[in-house]
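Trainee: sequence plus predicted model, see below.
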Amino acid sequence: MAEVKKSAPGGGAARAAGAGGPGTAGAAGASGASGAGGWTRFVTVRPRLTLFVALVLTALAVLAGGGVADRMGSGGWEDPTAESTYALEALEQRFPGSQPNLLLLVDAGPAGADDPAVAAEARRLAERLDAEPGVEGVGSYWSTGSPALRSEDGRQAVIAARIAGEEKDAAAVLDRIAPAYRGTHGPVEVSLGGGLAVRHEMQTIIQEDLLRAELIALPLTLVLLVMVFGSAVAALLPLGVGIVAILGTNAVLRGITEFTDVSVFAQNLTTALGLGLAIDYALFVVRRYREELAAGADTYTAVRTTLRTAGRTVLFSALTVAVSLAAMLVFPQYFLRSFAYAGIAVVLLAATAALTLLPAALVLLGDRVNALDLRRLLRRDASGGGRDRGEGAGWARAAALVMRRAPVFAVLTTAGLVLLGLPFLGVRFGTADDRQLPVTASSRVVQDELREGFPGDPGGGITVLAEGTATPAQYAAYRERIAALDGVARADGPVTAGGGHAYFTVVPEGETVGAEAQRAVAELRAAPAPFETSVTGQAAVLVDSKAALAERLPWAAGIIVLVTLLLVFLLTGSVLIPVQAVVLNALSLTAMFGAVVWVFQDGHLAGLLGFTPTGDIETTLPVLMFCVAFGLSMDYGVFLLSRIKEEYDATGDHEHSVRFGLRHTGGLITAAAVILAVVMVAIGTSRVTNTKMLGLGVALAVLMDAMVVRSLLVPSVMRLTGRLTWWAPGPLRRFHDRFGISESDTYNPEPTQGVEEVSEKRREATSLRT
């Protein structure tokens, strides 16, 4: 039998305080505020000062975060400590021409690349490019005669060069010189491609798509919030919290770019989580505040109770999401680390805004938070109590049905989720290339021409760096040895330099980063040589990236699982519920991973969604999607579990508590999931495939978690585990009593009132069971 000293939701705290009606800010409310904690007292007693400080900080964030996208990079998939990265940096220093990142595709038309006039114009362009500041290692078909630099039909050929420097500096050089080379020059037409041009165009497209996504998501989100709250005033509050979180995160990212590389892709997560989580938290806070008002609390007491209950849940939820995102810091690739920077910042800022700006605004609004109620005409009873009494009844009935047939729902739901995840067993990992871009992108057009019309990829292939003194005969013997390896179509070189440095160029069979190329990397690294060798190139970068992810993934998963187990235990005091949370969260992600492979790897719906399937998935994307989706699933799980735990503490009735929790959070979680899914789908309208995959995949995971796992699997599993759900051994129970977190542990009602509240809930539980 649970102790009756803890209050249940629905205004118990407000009634005990003896406060007046809604909106009253008289002596009772003031005295209540004075008895609150320091943080609660600050935001309730000085709401105007709180909002003014927040307004000033937001304005400073706008100034500080301006131009953050221009300081971000579009790479970051490689391991900076890998052999391929070392070899690439060494080659850039000693053989800049060996690693071109800018390709000028010269189209001579019917005249052909060997026409004298075409050759003269091409040489003039190459000489002019070689004289540009920041450009080095210029070479061309007309200077080398290499067949790899001329198309098979003889109409096109390539001028290759390298723009030196950091990614942002190289992009600035490209912006400066590109207009002078792109277009018609005498008898030839010139187009720009290469890795640098691809990444730069990708960055530009991502910025344009992000702006469009925000323009789509913001009005749709506002409409959905109005539908959820009815009140236009209440609907604007979550949107305001989201905007503050996004602007603040941009300022944080701007500061981080001063110290390390940050991927431009992280801005998409900033927008998605900034809106999504801020709206989640604000929905939870505003909903609880309106419940307290409807139960008869005055403004100050309602805000105080909301912060002590829903506020703690929001803070706890933010910690769980932040931990899931922080796990990406264990990986060496700055692409993943960037999402950790952005995710941690936006989650903490969203929670901070929801626990400071929102309560201050609620104090000033009072019961005017329900103003401009657009659904009033549709309600039979516009009074708060009548509205609250019927609210969520459908969820309670659904929970009762699921719990009556718990084994059936548990087995069928689990089997369905596992079935949806089966395509992921056939996943193939690759690396992002120009095919991430739309087919009309100028650099993508060039790369398609090179891929389809040239005998070898002028900007790709595998390069072997040789360090150490060797004779010409040794070099020749080594070249013959590697040319005979499996997966190698041709080996050229060496190109030598002083100090015992040389390199060989290896053309793999099949695609540049295909399975044959990856096997060739392993063969090249195992091949004996009379000098030190290091292998680089796109295939080598992919091999090293996969190895780094495989090495660090257990650490990331371990951090997420262990911290989740600890935090959920601190919330519930149960040993079983944390295990259930981890397992059910993982199940909620199966549909996402299965859909990613079925759609984006295998190419189903490619025409409808507008992308080019490459037959593989970029290596880091599943890791990113797991961390993001797992964190969001925990967000909804905490909302549900906290309300179930609060009711169980008040009544001791396990089945009733599950129904009560789903009744009071089911609609809220579903609304939050739909809104977040709208934001993610807006992100998924991007023309860049990886961003599309991230947006649509996480949207699917969020909807599956809210509508399937929280609605069907959680109540059925908790019914099967029964009262054992709340068991913990004595030492852990005492640990939770001392350090645990509870929504209801700060308010002790009068004993008589507590008995009345428990009796009321038991009568409600009995009626629902019958």
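Mentor: Yep, it's here.
Trainee: which ones are touching S545?
Mentor: Contacts here follow Cβ atoms under 8 Å, 6 or more residues apart in numbering; on that basis S545 touches W77, E78, D79, A82, Q333, T431, T619, T620. Where you see a C-beta, it was placed from the backbone N, CA and C, and this is true even at glycine.
Trainee: now the fourth one, nearest residue through space, not along the chain?
Mentor: Distances taken as Cβ to Cβ, 6 or more residues apart in numbering put D544 closest to A82, at 3.6 Å, once the chain neighbours are dropped.
Trainee: check which helix or strand the one you found maps to.
Mentor: Here D544 sits within helix 538-572, counting by DSSP states H and E.
Trainee: kindly report the same for S534.
Mentor: Using DSSP H and E, S534 sits within strand 532-537.
Trainee: who touches that strand?
Mentor: By Cβ under 8 Å, 6+ apart, the residues outside strand 532-537 that reach it are 83-88, 90-91, 460-468, 506, 512, 521, 524-525, 527.
Trainee: and what of stretch 341-353?
Mentor: Against stretch 341-353 from outside (Cβ under 8 Å, 6+ apart): 54, 241-242, 244-246, 248-249, 252-253, 256, 262, 266-267, 269-270, 273-274, 277-278, 281, 314-315, 317-318, 321-322, 325-326, 328, 627-628, 631.
Trainee: coming back round to it: just name the closest of the contacts of S545 to L129, please.
Mentor: E78 (26.5 Å; Cβ to Cβ).
Trainee: any idea how far that closest one is from R481?
Mentor: Counting by Cβ to Cβ, to the nearest Å, the gap from E78 to R481 is 27 Å.
Trainee: looking at the two, which one has more neighbours?
Mentor: More crowded of E78 and R481, by other Cβ atoms under 10 Å: E78, with 23 against 14.
Trainee: hang on, isn't the more buried one packed against V541?
Mentor: Yes: the criterion here is Cβ atoms under 8 Å, and E78 meets it with V541 at 4.8 Å.
Trainee: now do the shared contacts for those two.
Mentor: Shared contacts of E78 and V541, defined by Cβ under 8 Å, 6+ apart, are found at S84, T85.
Trainee: so where is this protein shaky, pLDDT-wise?
Mentor: Where the chain drops to pLDDT under 70, the residues are 1-39, 371-392, 456-460, 741-770.
Trainee: which stretches in it count as strands?
Mentor: Counting by DSSP state E, the chain has strands at residues 102-107, 135-140, 156-163, 183-185, 188-193, 429-430, 462-467, 488-497, 501-508, 532-537, 617-618.
Trainee: just checking, what packs against the fourth one?
Mentor: It refers to strand 183-185. Using 3 or more Cβ pairs under 8 Å, 6 or more residues apart in numbering; DSSP states H and E, the elements in contact with strand 183-185 are strand 188-193.
Trainee: the strand it packs on packs against which elements?
Mentor: Using 3+ Cβ pairs under 8 Å, 6+ apart as the contact test, the elements touching strand 188-193 are strand 102-107, helix 116-130, helix 167-181, strand 183-185, helix 442-453.
Trainee: got the angle between it and helix 442-453?
Mentor: Interaxial angle, strand 188-193 versus helix 442-453 (axes from the mean of the first three to the mean of the last three Cα atoms, to 10 degrees): 100 degrees.
Trainee: partners of strand 188-193 in the sheet?
Mentor: Strand pairing for strand 188-193, determined by DSSP bridges: strand 102-107 (antiparallel), strand 183-185 (antiparallel).
Trainee: mind checking how far the longest one is from the chain centre?
Mentor: What separates the centre of strand 102-107 from the centre of its chain is 36 Å, taken as Cα atoms, centre = their mean, to the nearest Å.
Trainee: stretch 703-710 now?
Mentor: 18 Å.
Trainee: list the contacts of that stretch.
Mentor: 413, 416-417, 584-585, 587-588, 591-592, 629, 632-633, 636-637, 640, 662, 666, 669-670, 672-674, 677.
Trainee: show me what counts as buried in that stretch.
Mentor: Neighbour counts over stretch 703-710 (16 or more other Cβ atoms under 10 Å) mark L703, M704, D705, A706, V708, V709, R710 as buried.
Trainee: for stretch 724-737, same thing?
Mentor: For stretch 724-737, the buried set under the neighbour-count rule, 16+ other Cβ under 10 Å, comprises T725, W726, A728, R733, H736.
Trainee: contacting residues for the third one?
Mentor: Meaning A728. A728 neighbours (Cβ under 8 Å, 6+ apart): F569, G573, S574, V575, H736.
Trainee: 10 Å instead?
Mentor: Going by Cβ atoms under 10 Å, 6 or more residues apart in numbering, A728 touches F569, T572, G573, S574, V575, L576, I577, R734, F735, H736.
Trainee: please name the nearest non-neighbouring residue to it.
Mentor: Nearest residue to A728, sequence neighbours excluded (Cβ to Cβ, 6+ apart): V575, at 4.9 Å.
Trainee: what are the phi and psi values at the one you found?
Mentor: Main-chain torsions, V575, degrees, to the nearest 10: phi -90, psi -30.
Trainee: quick check, it in contact with F569.
Mentor: Yes: counting by Cβ atoms under 10 Å, V575 touches F569, with 7.1 Å between them.
Trainee: which one of these two is surrounded by more residues?
Mentor: Shown here are V575 and F569; by other Cβ under 10 Å, F569 has more neighbours (23 against 18).
Trainee: can you tell me the closest non-neighbouring residue to that one?
Mentor: P578 (5.0 Å).
Trainee: you'd agree the one you found is up against W726?
Mentor: No: if you go by Cβ under 10 Å, P578 and W726 don't touch, sitting 12.0 Å apart.
Trainee: the residue nearest to V228 when sequence neighbours are not counted: neighbour count?
Mentor: Closest residue in space to V228, ignoring its immediate chain neighbours: A671 at 4.5 Å, by Cβ to Cβ, 6+ apart. Counted with other Cβ under 10 Å, residues neighbouring A671 total 20.
Trainee: what's the neighbour count on L640?
Mentor: Neighbours around L640, by other Cβ under 10 Å: 25.
Trainee: same thing with P613?
Mentor: By the criterion of other Cβ under 10 Å, P613 has 16 neighbours.
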